[in-house]
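Visitor: sequence and predicted structure are below.
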Amino acid sequence: MHETGHDEGHTELAKEIRKTMRGQREFFATGATRDLDFRRHALERLQEAISSGEKSLAGAAREDLGKGRAEFFMTEVGLVLAEIREHRRKLARWARPRKVRTSLLHFIGRSYVTREPYGQCLVISPWNYPMNLTFTPLVGALSAGNTVILKPSSRVPVLSRAMARLIRECFPPEHVAVFTGSVDVSRALLEERFDMIFFTGSTSAGREVMLSAARNLTPVVLELGGKSPCIVHKDADIKVAARRIAWGKFLNAGQTCTAPDYLLVHREVKEPLIEALAAEVLRSFGPEPKESKELPRIVDARHVERLERLMSGAGRVRFLGETDVQQRYVAPTVIDDVDPSHPIMNEEVFGPVLPVIAYDELGKPFSIIRERPKPLALYLFSRDHALKERVLRELPSGGFVFNDTLVHFASCTLPFGGVGDSGMGMYHGRYGFEAFSHPRAIMERSTSIDLPVRYYPLKRKLWLLRLFYRLADYLKW
């Protein structure tokens with residue numbers, strides 16, 4: 001939609017962005033978005049538009065990513081609709097002022113916290129789950145009472161255009177606006193002053209977003225990626241582990257930020273696990289996965305070539321391993337005997353290629369994980385709850401799942417977010433509402449009593465101040 005390869009184009013784009021932002025700021029200033037009924041009706045319109053437009057959205061996803069309709073519903077439409085229902089049901093409860101303790105120091109008084117919308121929010125979304133990672137943050141922003149500008153990825157042009165049409169039919173631009181186009185459009189948006197920025201994408205791009213936000217001290221939520229490890233201990237249920245690992249890894253052709261990025265497998269169960277993984281791939285996609293309509297395609301040829309480079313010399317390919325740049329195809333692949341220093345272990349794979357490293361003692365997987373930035377997710381397959389507690393205690397991560405993969409992302413009751421290089425901030429359900437709102441501290445004081453202990457001169461009041469602070473620990477109003 002917007003091309004900014006020359007100064008004139010950039011100027012026109014900047015003018016359009018500023019015009020849209022001005023309209024949104026004026027609309028927000030009217031207070032309309034603060035009304036809870038207004039927010040519920042906005043969520044209801046979005047829900048109806050997604051439900052009625054599901055077929056065309058799925059067709060666009062098939063064209064961009066080769067994604068089947070059932071997978072598109074499971075990973076995108078279904079999750080967004082569930083998120084909307086959660087917010088519509090619980091919005092009044094979340095928005096209600098929350099009373100908190102008032103100490104003796106503030107006698108006589110009343111304290112509470114309200115959730116205030118930030119104002120004008122920018123949501124920049126990626127290409128791997130274009131609808132989910134655009135609309136789920138949008139739900140939180142609308143629920144919290146903000147105006148929003150959306151910037152979907154240009155790497156999924158058909159679906160981005162379809163989402164833009166849906167939004168424009170559903171909302172006036174002073175409430176929700178969409179800008180499509182290349183990365184230059186994102187950069188032009190980031191030059192403006194927003195009240196809050198929500199970004200999902202790579203760690204390197206997240207750093208750029210944070211630098212841009214820092215100029216205006218704009219709060220950010222960064223949902224990034226990283227190498228999410230999966231430990232399979234010798235006491236794991238291998239059949240179940242293989243099925244759940246294969247599902248989590250090969251869903252969306254591995255283009256999932258929380259996918260198991262590499263396996264750390266006890267040597268005693270490595271061979272049975274690899275055999276079970278191969279059987280699961282055969283069961284899921286048939287003897288020729290390239291012909292399967294269930295297996296999505298890689299987003300573009302450049303990413304296929306990147307995966308080919310990562311696979312080169314990484315280790316012993318145990319099954320499949322085929323690629324086709326023209327058809328944007330990479331087969332579900334397991335690579336064994338991977339050296340932890342190989343390039344495939346130094347960047348997020350983000351494709352259907354699964355490196356495997358065997359261990360004899362638990363010190364090895366713990367060491368490999370600690371040597372890398374904190375992951376977005378951490379998976380453990382085992383029957384040993386003491387090992388689970390040790391992993392939780394010693395290995396930090398954005399999220400943790402015991403005996404499964406990815407499923408925490410689909411929960412409206414769990415916070416989703418990273419830590420360190422894998423991101424900051426969280427969303428989903430109530431956490432999304434809170435991500436897009438500021439907790440405003442409010443205290444109300446009575447004027448009927450005015451204790452003189454705090455006023456100058458303070459000399460000779462130290463004993464009384466000590467008494468008040470000690471009593472404040474036990475008494476409240």
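Guide: Looks like it arrived, so ask away.
Visitor: in the protein, where's the longest helix?
Guide: Counting by DSSP state H, the longest helix found in the chain is helix 36-65.
Visitor: buried residues in the helix or strand that comes right after it, which are they?
Guide: The helix or strand immediately downstream of helix 36-65 is helix 69-72, counting by DSSP states H and E. Across helix 69-72, burial judged by 16 or more other C-beta atoms under 10 Å covers 69, 71-72. C-beta here means a position set from N, CA and C on the backbone, and glycine is covered the same way.
Visitor: do stretch 268-286 as well
Guide: Using 16+ other C-beta under 10 Å as the test for burial, stretch 268-286 gives 269-270, 273-274, 276-278, 280-281, 284-285.
Visitor: ditto for stretch 91-105
Guide: Judged by neighbour count using 16+ other C-beta under 10 Å, the buried positions of stretch 91-105 are 91, 94-95, 102-104.
Visitor: in helices, which of those residues fall?
Guide: 91, 94-95.
Visitor: got the domain ranges for this protein?
Guide: Per the record, the chain has its domains at 7-224+427-438, 229-417, by automatic domain parsing.
Visitor: format these as a markdown table; extra columns: distance to residue 460.
Guide: Formatted as a markdown table, the domains of the chain follow (distance: least, C-beta to C-beta, whole Å):
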| stretch | distance to residue 460 |
| --- | --- |
| domain 7-224+427-438 | 19 |
| domain 229-417 | 50 |
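Visitor: is it possible to export the ones you listed to a markdown table including distance to residue 465 and mean pLDDT?
Guide: Below are those laid out as a markdown table (distance: least, C-beta to C-beta, whole Å; pLDDT from 0 to 100):
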| stretch | distance to residue 465 | mean pLDDT |
| --- | --- | --- |
| domain 7-224+427-438 | 10 | 96 |
| domain 229-417 | 40 | 97 |
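Visitor: ok, which of those domains comes nearest residue 451?
Guide: Closest to residue 451 of those is domain 7-224+427-438 (C-beta to C-beta; 6.6 Å).
Visitor: distance of the closest residue to residue 193 other than its chain neighbours relative to residue 466?
Guide: Excluding its sequence neighbours, the residue lying closest to residue 193 (C-beta to C-beta, 6 or more residues apart in numbering) is residue 216, at 4.6 Å. Per C-beta to C-beta, to the nearest Å, residue 216 is found 43 Å from residue 466.
Visitor: between those two, who's got more neighbours?
Guide: Between residue 216 and residue 466, residue 216 has the larger neighbour count (other C-beta atoms under 10 Å), namely 13 against 10.
Visitor: is that one in contact with residue 195, as I believe?
Guide: No - assessed by C-beta atoms under 8 Å, residue 216 is found out of contact with residue 195, at 9.2 Å.
Visitor: who's in contact with residue 124?
Guide: By C-beta atoms under 8 Å, 6 or more residues apart in numbering, the contact list for residue 124 reads 151, 186, 189, 197-201, 209.
Visitor: just put the residues you listed in TSV and tack on distance to residue 112, secondary structure and neighbour count.
Guide: What follows is these, written out as TSV (distance: C-beta to C-beta, whole Å; DSSP: H, G, I helix; E, B strand; the rest coil; neighbours: other C-beta atoms under 10 Å):
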residue	distance to residue 112	secondary structure	neighbour count
151	36	strand	23
186	38	helix	21
189	35	helix	22
197	28	strand	23
198	27	strand	29
199	32	strand	28
200	33	strand	27
201	37	coil	23
209	33	helix	23
